[in-house]
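**Student:** Provided below for reference: sequence and predicted model.
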Amino acid sequence: MSKKTLVVFILQGCISVSMIVLGWENSVPWIVLAVLAFITLEAATGTRRGNCGRNTIPALWIAMAVAIGFVPIFTRSALIPERQHIWLAFLIALTTWLTTFRIAPLNLKHLWRIYSMTWAAIGVSVWLWVSYVGNRGALFYAGLGAAFINLLAAKRWLIRRNASIQAANTLLLLILGLPLMDLITRPRYTLGQQSATWAKCYSYEGARKDPVAFMRWWNYYLEQWNRIHPQIYMPDPDGILPFRLIPNGRAKLFESEISINSHGFRGPPIQDIKGETYRIVVIGESTTFGCTLHASDRPWPEWLHQIIEDQLKPRRPVEVINTGVPTFTLQHNLDRMTGEILPLKPDLIIAYQGYNGFSWLDASLPAIVGRRPPIYRERPLRLLADCEHQLKLLNYRHRHEHSGAARSVTPNDPMQTQYARAYESLIRIARTNHIRLALANFSMAVNSKSDREIKEFYRSRFPRVYEQIEANTVHSAMVTELVRLHPEVLLINTHSNLDGNHDKFIDLIHFAESGRQQLAESFFAGIRQTLENELK
């Protein structure tokens, strides 16, 4: 054995031992370890048996297929490889590449190089994938550099045909061009606890009509909500509702402080003894609970209370109690009537319901607690993240639209829907308990008169926005008809200066502070005469 062969053999032995130890420490399946040991053994001893070409190479390719096939089966995820797989692939590539220094025939040397470069390509691919899904920018760009070097090496030692050379050149240009284009198109701000940047994402004008900016905002918005869930939500002890608000719970949503009182409602404490207080109880969804962002922001029921105090200066105390809960439908609020709402002895109940019950009007629309559209995930390259999200949206729309649900955006008779029956139940409860009731139509950032570009802006995160606009139109007509049939019920028109005014929203349905103030003014206008009569 020559000195060169001995040195290569020793290096291969050290690499093989390191590879087996690395695999063992990271719980790589024993079948894969056996295959890796076979590959390194063939690489180290193949030339001594004189069969390092036509007999050995096919066996090595089979071993590669076995290793790649078994790794996702026995690891925690079949889609996201582990980081140690990168080093295993590179170590195999190195030890098989060293074999080429001990082979004289050029055709056999070429076969070993192909095999080695394939393992290197696998390592680079895993490297890029792990850093991509983990949104690790520095690691991803280093992986692009490794891919560039790998392609240059393949172009020099392996690629001989013109078509292959052109394909390699195209990939090289793509590796260089993608980061450059991403750098040019990437926004010059990042989301975080910086209120000055939020409007650049959720506002149609502030985001420069960029749907991707809105998707990034929505993702960040959901992260903020998910973070505070354990602080304000608890399971319903009775098992009737999806959850309840934790009495005396505290949380911080963006810069806004959320305080839950001892009764389990957002807002200031409530006295158990009502006395002479005139109580207005508001039932609703997250739009009533309040998706407040800034420290000075307030839910619209608090704005309504201030407007009543400022405009009417009542001699009797007035309370506006916010019982809105995110994701709750009108049926959920009906289930709370006996145990939570009626014990407050309200003089007036205001119902601001809408979006969470649209699936009752249109069977093709997803329920509020059902499968939601895919979340936009941040990636090292925004261009790739955009493509990934668009593919997920296409798949979501395909699966949802072909789920077998009957289309009924405009029911034959909206008054026969589950939504109308729930409203009828609310009207009966109010009448039976001698409580004034006000029903409102629902406002959204876009309506049928909005420009298509604005609808498409929100469609990036609300794929069924066109159907939801139609459902809202049906809901408004239904509420109007209910009030016509029950004249004792007040009708509140919230559309004036709000519906379709996207500048007053942070997404399709949730309000910015100006929107909450406008909504409170609309409610005050609708109940002002009643309040003046009853507060004398």
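**Tutor:** Here it is on my side, so go on. What you are looking at is a predicted structure, and each value in this text was computed from that prediction instead of being measured. Residues are numbered from 1 along each chain as shown.
**Student:** so for stretch 446-459, what's the average pLDDT?
**Tutor:** Throughout stretch 446-459, pLDDT has a mean value of 92.
**Student:** got the CA positions of stretch 441-451 in CSV?
**Tutor:** Once non-C-alpha atoms are left out, stretch 441-451 reads as follows in CSV (Å, rounded to 0.1, in the frame of the first residue of the first chain):
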residue,chain,number,x,y,z
ASN,A,441,-76.1,45.5,11.1
PHE,A,442,-72.4,44.6,10.7
SER,A,443,-69.7,46.7,9.1
MET,A,444,-66.6,45.4,7.3
ALA,A,445,-63.6,47.1,5.7
VAL,A,446,-65.0,46.3,2.2
ASN,A,447,-68.4,46.0,0.7
SER,A,448,-69.9,45.4,-2.7
LYS,A,449,-69.1,49.0,-3.7
SER,A,450,-65.4,48.7,-2.8
ASP,A,451,-62.7,48.7,-5.6
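**Student:** can you list the residues that contact it?
**Tutor:** 352-355, 454-455, 458, 465, 468-470, 472-473, 475-476, 479-480, 492-495, 498-502, 504-505, 507-509, 519 (Cβ atoms under 8 Å, 6 or more residues apart in numbering). Every residue, glycine included, has its C-beta placed from N, CA and C.
**Student:** cutoff 7 Å now
**Tutor:** Stretch 441-451 is contacted by residues 354-355, 454-455, 458, 465, 469, 472-473, 475-476, 479, 493-495, 498-500, 502, 505, 508-509 when judged by Cβ atoms under 7 Å, 6 or more residues apart in numbering.
**Student:** Could you do stretch 230-243 as well?
**Tutor:** Residues outside stretch 230-243 that contact it (Cβ under 7 Å, 6+ apart) are 244-246, 249-251, 258, 260, 327, 332, 335, 369.
**Student:** Tell me which residues of that stretch come out buried.
**Tutor:** Along stretch 230-243, these residues count as buried under the neighbour rule (16 or more other Cβ atoms under 10 Å): 232-233, 241.
**Student:** Please state the offset of it from the chain centre?
**Tutor:** Remark: stretch 230-243 is offset 23 Å from the chain centroid, using Cα atoms, centre = their mean, to the nearest Å.
**Student:** What is the end-to-end distance of it?
**Tutor:** Taking Cα to Cα, to the nearest Å, the first and last residues of stretch 230-243 lie 11 Å apart.
**Student:** Can you give the domain ranges for the chain?
**Tutor:** 3-135, 201-534 (automatic domain parsing).
**Student:** rank these by pLDDT, which is bottom?
**Tutor:** For these, where the average pLDDT is lowest is domain 3-135, sitting at a mean of 69.
**Student:** circling back: out of the domains of the chain, which gets nearest to Q166?
**Tutor:** The minimum distance between Q166 and the domains of the chain falls on domain 3-135, with 18.3 Å, by Cβ to Cβ.
**Student:** still on that earlier bit, turn the buried residues of stretch 230-243 into a markdown table, including distance to G284.
**Tutor:** Converted to a markdown table, the buried residues of stretch 230-243 look like this (distance: Cβ to Cβ, whole Å):
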| residue | distance to G284 |
| --- | --- |
| I232 | 16 |
| Y233 | 17 |
| L241 | 15 |
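**Student:** of these, closest to R298?
**Tutor:** Nearest member of these to R298, counting by Cβ to Cβ, is I232, at 16.8 Å.
**Student:** Grab the nearest non-local neighbour of the closest one.
**Tutor:** Leaving aside its chain neighbours, I232 sits nearest to G249 (4.3 Å; criterion: Cβ to Cβ, 6 or more residues apart in numbering).
**Student:** What does the one you found show for phi and psi?
**Tutor:** Per-residue torsions, G249: phi -70, psi 150 (degrees, to the nearest 10).
**Student:** Over to I258?
**Tutor:** Dihedral angles of I258 (phi, psi; degrees, to the nearest 10) stand at phi -110, psi 120.
**Student:** if I read this right, it contacts N248, doesn't it?
**Tutor:** No: look at I258 against N248 with Cβ atoms under 7 Å: they stay out of range, at 11.8 Å.
**Student:** Look at those two and report which has more neighbours.
**Tutor:** I258 (19 against 12; other Cβ atoms under 10 Å).
**Student:** show me the contacts for the more buried one.
**Tutor:** 228, 232, 251-252, 266.
**Student:** still on that earlier bit, how about the domains of the chain, which one is nearest D182?
**Tutor:** The nearest among the domains of the chain, by Cβ to Cβ, is domain 201-534 at 4.8 Å.
**Student:** What residues sit buried inside whichever strand or helix holds P230?
**Tutor:** Under the criterion of DSSP states H and E, P230 resides in helix 211-232. By neighbour count on 16+ other Cβ under 10 Å, the buried set for helix 211-232 is 211-221, 224, 228, 232.
**Student:** What is the nearest of those residues to L180?
**Tutor:** For these, the residue nearest L180 by Cβ to Cβ is V212; the value is 18.1 Å.
**Student:** quick one: that closest one and C201, what's the gap?
**Tutor:** Per Cβ to Cβ, to the nearest Å, V212 is found 9 Å from C201.
**Student:** repeat for K449
**Tutor:** For K449, the distance to C201 equals 25 Å [Cβ to Cβ].
**Student:** Counting neighbours, go ahead and name the busier of those two.
**Tutor:** The neighbour comparison of K449 against C201 (other Cβ under 10 Å) goes to C201, with 23 against 8.
**Student:** wait, the more buried one sits on R216?
**Tutor:** Yes: using Cβ under 7 Å, C201 is in contact with R216, at 5.8 Å.
**Student:** contacting residues for I114?
**Tutor:** Going by Cβ under 7 Å, 6+ apart, I114 touches L158.
**Student:** Work out the gap between whichever strand or helix holds it and the centre of the chain.
**Tutor:** I114 belongs to helix 106-133 when assigned by DSSP H and E. Relative to its chain's centre, helix 106-133 lies at 34 Å (Cα atoms, centre = their mean).
**Student:** Show me what counts as buried in that helix.
**Tutor:** Buried residues in helix 106-133, defined by neighbour count with 16+ other Cβ under 10 Å: 108-113, 115-133.
**Student:** And stretch 93-110, by the same measure?
**Tutor:** Across stretch 93-110, burial judged by 16+ other Cβ under 10 Å covers 93-100, 102-103, 108-110.
**Student:** for stretch 524-535, same thing?
**Tutor:** For stretch 524-535, the neighbour count (16+ other Cβ under 10 Å) marks 524, 526-527, 531 as buried.
**Student:** Stretch 281-296 too?
**Tutor:** Within stretch 281-296, the residues that qualify as buried are 281-293, counting by 16+ other Cβ under 10 Å.
**Student:** From those, which land in helices?
**Tutor:** Under the assignment DSSP state H, the buried residues of stretch 281-296 contribute 286-289 to helices.
**Student:** any chance of those residues in CSV, plus distance to L381?
**Tutor:** Output for those, formatted as CSV (distance: Cβ to Cβ, whole Å):
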residue, distance to L381
S286, 33
T287, 35
T288, 40
F289, 37
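**Student:** Among the residues you listed, which one lies nearest to T277?
**Tutor:** Taking Cβ to Cβ as the measure, T277 lies nearest T288 of those, at 20.4 Å.
**Student:** Pick out the most distant pair among the buried residues of stretch 524-535.
**Tutor:** Longest distance between any two of the buried residues of stretch 524-535 is 10.2 Å, between G526 and L531; criterion Cβ to Cβ.
**Student:** Perfect, that will be all.
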